[in-house]
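Visitor: what's the 3D shape of this:
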Amino acid sequence: MTPFVIRENATSLELFDAAEKRQTAARNALALLASARDLGCPDGDLLAGALSGLELLLKDAAELYDAARHKG
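Guide: Predicted structure coming up:
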């Protein structure tokens with residue numbers, strides 16, 4: 001897995017934008033899961049992988065917001 005790296009020359013606006021995109025993607029995925037009438041019985045590994053993906057998106061977003069605050 002490639003580590004998440006924030007470009008040093010990124011502006012605070014670019015960092016906030018990238019963070020917002022990740023946070024929106026996670027929010028949309030959670031809204032989809034919450035609105036599903038019946039998920040059936042998804043494979044445990046598949047569900048765990050999907051939730052881990054959301055966790056990564058939100059972790060990246062937090063790091064991007066933090067970097068943007070320190071730049072601005």
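
Visitor: am I right that Leu64 is in contact with Arg22?
Guide: Yes - using Cβ atoms under 8 Å, Leu64 and Arg22 qualify as a contacting pair, with a distance of 7.0 Å. Yep, even glycine has a C-beta here, placed from its N, CA and C like the rest.

Visitor: these two: who's more crowded?
Guide: Leu64 (24 against 21; other Cβ atoms under 10 Å).

Visitor: which helix in this structure has the most residues?
Guide: Criterion DSSP state H: the longest helix present in the chain is helix 44-71.

Visitor: packing partners of it?
Guide: The contact analysis (3 or more Cβ pairs under 8 Å, 6 or more residues apart in numbering; DSSP states H and E) places helix 44-71 against helix 12-35.

Visitor: avg pLDDT for the helix it packs on?
Guide: Taken as a whole, helix 12-35 has a mean pLDDT of 94.

Visitor: could you do stretch 49-57 as well?
Guide: 93.

Visitor: send me it as CSV with only the CA atoms.
Guide: The C-alpha trace of stretch 49-57 is given here as CSV (Å, rounded to 0.1, in the frame of the first residue of the first chain):
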residue,chain,number,x,y,z
GLY,A,49,-13.3,-3.8,3.4
ALA,A,50,-16.0,-1.2,2.6
LEU,A,51,-16.0,0.2,6.1
SER,A,52,-12.2,0.2,6.1
GLY,A,53,-12.3,2.2,2.9
LEU,A,54,-14.5,4.8,4.6
GLU,A,55,-12.2,4.9,7.5
LEU,A,56,-9.2,5.7,5.2
LEU,A,57,-11.2,8.4,3.4
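
Visitor: which parts of it are buried?
Guide: Leu54, Leu57 (16 or more other Cβ atoms under 10 Å).

Visitor: for stretch 17-24, same thing?
Guide: So, applying 16+ other Cβ under 10 Å, buried residues of stretch 17-24: Ala18, Ala19, Arg22, Gln23.
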